[in-house]
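Peer 1: How does the following fold in three dimensions:
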Amino acid sequence: MLFEILIAVGLVCATLGLFWTLSWASAMKAGHQLERLGKRYQLELTQPAPKWLGFLRQEPYLYGQYRGREVSISVPGHGRQNTRQIESVLKIELRDRRLSAQFMPRGFMTGVHQRLNKGWRDWQTGDAAFDQAIASSSDAGQLLEPLMTAQRRDWVRELMKEGKGTLYIGGGTLAYAEMGLISEVTRRKRFERALEFLCDLAEVVESDKSE
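Peer 2: From the prediction side, this is the model:
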């Protein structure tokens with residue numbers, strides 16, 4: 001009996017040790033990539049101290065000003081709505097609040113997220129390659145149409161193809177989100193491209209120019 005208890009205790013300790021190691025490794029990788037992002041864009045990196053001997057870790061986040069706009073990259077603790085998966089979110093300040101829209105890859109989660117935006121309509125660009133790959137919805141299609149030029153549609157489609165993320169416009173924010181942490185170089189570089197693209201897009205929206 002004692003031997004069985006010792007085995008059970010050993011298994012529990014091994015499981016906890018594995019969880020701690022994986023959590024620590026994931027936090028280190030994400031922290032390193034965010035540190036690189038922070039240095040490049042002069043954003044402040046905040047790394048909350050771990051709790052409960054390191055078993056509870058809050059993800060680091062970035063905040064600051066870039067190209068005259070508030071910028072943040074964070075990992076909301078609650079995860080994406082209606083799922084248990086966490087996501088990394090890049091947010092860019094948008095001073096023009098007239099437009100609200102969302103873009104995401106077509107797939108099994110498309111219907112869930114579209115239902116969250118009550119009153120929004122599916123929006124079609126007329127670009128078959130884009131419309132077949134990307135589900136778009138908006139409450140202001142007349143403003144969205146001149147904004148989404150062929151070049152911007154191609155950029156969004158390629159970004160969604162690579163990262164399987166979501167692009168959101170509205171509420172004074174341009175936001176790009178992907179499932180998981182920014183713990184790989186390829187993902188960090190994708191967020192770098194998204195940051196520049198969204199800053200460019202914000203300037204276009206605010207200037208009332210479509211080209």
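
Peer 1: which phi and psi does Leu167 have?
Peer 2: phi -110, psi 130 (degrees, to the nearest 10).

Peer 1: hang on, isn't it packed against Phe103?
Peer 2: Yes - using CB atoms under 8 Å, Leu167 makes contact with Phe103 at a distance of 4.4 Å. In short, each C-beta sits where N, CA and C put it, glycine included.

Peer 1: Do a quick rundown of the helices in this protein.
Peer 2: If DSSP state H is used as the criterion, the helices of the chain fall at 2-41, 110-116, 128-133, 141-147, 150-163, 185-207.

Peer 1: Would you single out the least confident of those?
Peer 2: Lowest mean pLDDT within those: helix 110-116, a mean of 47.

Peer 1: Any buried residues in stretch 137-155, and which?
Peer 2: 137-141, 143-144, 147-148, 152-153, 155 (16 or more other CB atoms under 10 Å).

Peer 1: Stretch 189-207 too?
Peer 2: For stretch 189-207, by 16+ other CB under 10 Å, it's 190-191, 194-195, 197-199, 201-202, 204-205.

Peer 1: how far does stretch 91-99 stretch from start to finish?
Peer 2: One end of stretch 91-99 sits 16 Å from the other (CA to CA, to the nearest Å).

Peer 1: Give me the mean pLDDT for it.
Peer 2: 92.

Peer 1: How about residues contacting that stretch?
Peer 2: With contact meaning CB atoms under 8 Å, 6 or more residues apart in numbering, stretch 91-99 is reached by 69-74, 138, 140, 143-144, 147, 169-175, 195, 198-199, 202, 205-206.

Peer 1: quick one on the thing from earlier: can you work out which residues contact both of Leu167 and Phe103?
Peer 2: Shared contacts of Leu167 and Phe103, defined by CB under 8 Å, 6+ apart, are found at 156, 160.

Peer 1: quick revisit: nearest to Leu45 among the buried residues of stretch 189-207?
Peer 2: Among these, Phe191 lies closest to Leu45 (CB to CB), at 14.1 Å.

Peer 1: Verify the stated contact: the closest one with Ile73.
Peer 2: Yes - if you go by CB under 8 Å, Phe191 and Ile73 touch, sitting 6.8 Å apart.

Peer 1: Could you pull out the residues contacting both of those two?
Peer 2: Common neighbours of Phe191 and Ile73, using CB under 8 Å, 6+ apart, are 37, 88, 90, 182.

Peer 1: Would you agree Ser74 is in contact with Leu43?
Peer 2: No - counting by CB under 8 Å, Ser74 does not reach Leu43; the two are 11.1 Å apart.

Peer 1: Compare those two and say which is more crowded by neighbours.
Peer 2: The neighbour comparison of Ser74 against Leu43 (other CB atoms under 10 Å) goes to Leu43, with 20 against 17.

Peer 1: Surely the more buried one touches Glu70?
Peer 2: No - when contacts are counted by CB under 8 Å, Leu43 is not listed as touching Glu70 (10.2 Å).

Peer 1: Tell me the residues that contact both of these two, please.
Peer 2: 63-64.

Peer 1: how about the buried residues of stretch 137-155, which pair is most distant?
Peer 2: Maximum distance among the buried residues of stretch 137-155 (CB to CB): 22.7 Å, for Asp139 and Trp155.

Peer 1: Give me the neighbour count for Glu184.
Peer 2: Glu184 has 13 neighbours, counted by other CB under 10 Å.
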